[in-house]
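Visitor: give me a model of this one.
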Amino acid sequence: MSSFIGDYTVKIDAKSRIVMPASFKRALEEMGQDRLVVKKDIFEDCLVLLPYSVWERQMEELRQKLNVYNREHAQLLREFQKNMAELTLDANGRFLLPKRLVDMANIEKDVTLLGMDLQIELWNSELYAQQSKAISSDALAQMAQTILGH
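Guide: Prediction:
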């Protein structure tokens, strides 16, 4: 299965459109995907772009764990669903982000698209740079050892 690899800094135009980087577009084609879902990340101040099939799998996992007749579960589902939208690429390889989501992620002129395996994170480029500098190579090595080491 294809995945999204690398990071790319692109411009967002006045209508909140972004051109999909060629390698990400190719990965989508290899996945046979033309529908996407964009949502506000629940941990970071960024957006997450997923192929529709990946979103469907996530929703199926969520459905299996939630009981909509439980108030807390229903609230989680409501909050999870409210900050997302369905997208498609236009003939020029662009996608249109809803203004409300652009504002939530503080996206302005420069956007960094970061391939994260089966999803793409969309960051305000300045915030992405700050986030990247905040983790030293030693801290990254320690995380890898703690999480992946046996």
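Visitor: Gln145 versus the spatially most central residue of the chain, what's the distance?
Guide: Nearest residue to the geometric centre of the chain (C-alpha atoms, centre = their mean): Val48, 1.4 Å. Going from Val48 to Gln145 by C-beta to C-beta, to the nearest Å gives 27 Å. Heads up, the C-betas are built off the backbone N, CA and C, glycines and all.
Visitor: also Phe43?
Guide: From Phe43 to Gln145 the distance is 22 Å (C-beta to C-beta).
Visitor: who has more neighbours out of these two?
Guide: Legend: neighbour count by other C-beta atoms under 10 Å for Phe43 and Gln145, higher for Gln145 (10 against 6).
Visitor: confirm that that one sits in a helix.
Guide: Yes - counting by DSSP: H, G, I helix; E, B strand; the rest coil, Gln145 is located in a helix.
Visitor: next up, the contacts around it.
Guide: Contact analysis of Gln145 by C-beta atoms under 8 Å, 6 or more residues apart in numbering lists nothing.
Visitor: my read: Ile120 touches Phe95, true?
Guide: No - judged on C-beta atoms under 8 Å, Ile120 makes no contact with Phe95 at a distance of 10.4 Å.
Visitor: joint contacts of these two?
Guide: Joint contacts of Ile120 and Phe95 (C-beta under 8 Å, 6+ apart) are Leu49.
Visitor: compare those two (neighbour count), which wins?
Guide: Shown here are Ile120 and Phe95; by other C-beta under 10 Å, Ile120 has more neighbours (25 against 17).
Visitor: average model confidence for the helix or strand the more buried one falls within?
Guide: Assessed by DSSP states H and E, Ile120 sits inside strand 119-124. The pLDDT scores in strand 119-124 average 98.
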